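Peer 1: Test case, fold it:
(chains A and B)
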Amino acid sequence: GAVVSQHPSWVICKSGTSVKIECRSLDFQATTMFWYRQFPKQSLMLMATSNEGSKATYEQGVEKDKFLINHASLTLSTLTVTSAHPEDSSFYICSARGTRSNEQFFGPGTRLTVL
Amino acid sequence: AQTVTQSQPEMSVQEAETVTLSCTYDTSESDYYLFWYKQPPSRQMILVIRQEAYKQQNATENRFSVNFQKAAKSFSLKISDSQLGDAAMYFCASNTGANSKLTFGKGITLSVRP
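Peer 2: Have a look, this model is predicted:
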């Protein structure tokens, strides 16, 4: 149980285009989902926290207009990188928290490369 | 605010030996949780072990155990009988009962020598 999927697992796009990444909790309802960014050999950096049906809370320094987060249902959250640029290339990871505990379950991540 | 510190960037252990990964934390909360996550080359984050701060007994999961020293705010991970598959980055993390947002340490890269 407690499986989280991400789609796509990797994506290559041209500079200036937008990319949407989906995060799904497959066998539980996720009241809260988190989006992280990770550079090679570094730690996870929390970008934002999203609660179902409400606006996401962004960490300091994260541009909310660039990284659009939608948490429309208890099993799906999306991250859209708008007008992507090469510096947005990174590994994006989502996690989901269920209703019963404060443990987070992580998706497998999405590698974004912006040319 | 919570902080988690992992001061060792890399460690190496001989296969079948035991290794201890260090972690210290700081928090003003009384209700908090501590975690060790493993991130292998696939980059999938895997929960290794968790510890509730209110529990005095150290958590154990098969070959993995923790040494939780609450007064010292220390939370080290011991891996016994190390295996080649244990090679990965390991992250120490914490959150509170009120806020499930995780605070991560910088991580440590563990290599296992055959």
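Peer 1: just for the chain, where's the confidence low?
Peer 2: You didn't say which chain, so I picked chain A. Within chain A, the stretches with pLDDT under 70 are A:1, A:100-101.
Peer 1: Hmm, no, I was thinking of chain B.
Peer 2: Along chain B, the model assigns pLDDT under 70 to residues B:98-99.
Peer 1: Let's see that with 80 instead.
Peer 2: Within chain B, the stretches with pLDDT under 80 are B:97-100.
Peer 1: what's the burial count for residue A:82?
Peer 2: Using other CB atoms under 10 Å in any protein chain shown, the number of residues around residue A:82 comes to 15. For every residue, glycine as well, the C-beta is placed using N, CA and C.
Peer 1: need the residues of chain B near chain A, please.
Peer 2: B:33, B:35, B:37, B:42-47, B:50, B:89, B:91, B:95-97, B:100-102, B:104-107, B:109 (CB under 8 Å from any CB of the partner chain).
Peer 1: Show me where the chain has its strands.
Peer 2: All of this refers to chain A. A:4-7, A:10-13, A:19-25, A:32-38, A:44-51, A:57-58, A:67-73, A:76-81, A:90-97, A:104-106, A:110-114 (DSSP state E).
Peer 1: sorry, should have said chain B
Peer 2: Going by DSSP E, chain B shows strands at B:3-5, B:10-14, B:19-21, B:24-26, B:32-39, B:46-52, B:60-61, B:64-69, B:74-79, B:88-96, B:103-104, B:108-113.
Peer 1: Quick check: residues of chain A near chain B?
Peer 2: Selection of chain A residues close to chain B by CB under 8 Å from any CB yields A:32, A:34, A:38, A:41-44, A:46, A:49, A:91, A:93, A:95, A:97, A:102-104, A:106, A:108-109.
Peer 1: In CSV: the strands of chain B, plus mean neighbour count.
Peer 2: Shown next, in CSV, are the strands of chain B (neighbours: other CB atoms under 10 Å in any protein chain shown):
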stretch, mean neighbour count
strand B:3-5, 16
strand B:10-14, 14
strand B:19-21, 18
strand B:24-26, 16
strand B:32-39, 22
strand B:46-52, 17
strand B:60-61, 12
strand B:64-69, 17
strand B:74-79, 20
strand B:88-96, 23
strand B:103-104, 20
strand B:108-113, 16
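Peer 1: could I get the ones you listed as CSV with distance to residue A:87?
Peer 2: Shown next, in CSV, are the strands of chain B (distance: least, CB to CB, whole Å):
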stretch, distance to residue A:87
strand B:3-5, 27
strand B:10-14, 27
strand B:19-21, 32
strand B:24-26, 31
strand B:32-39, 23
strand B:46-52, 29
strand B:60-61, 39
strand B:64-69, 37
strand B:74-79, 34
strand B:88-96, 23
strand B:103-104, 22
strand B:108-113, 25
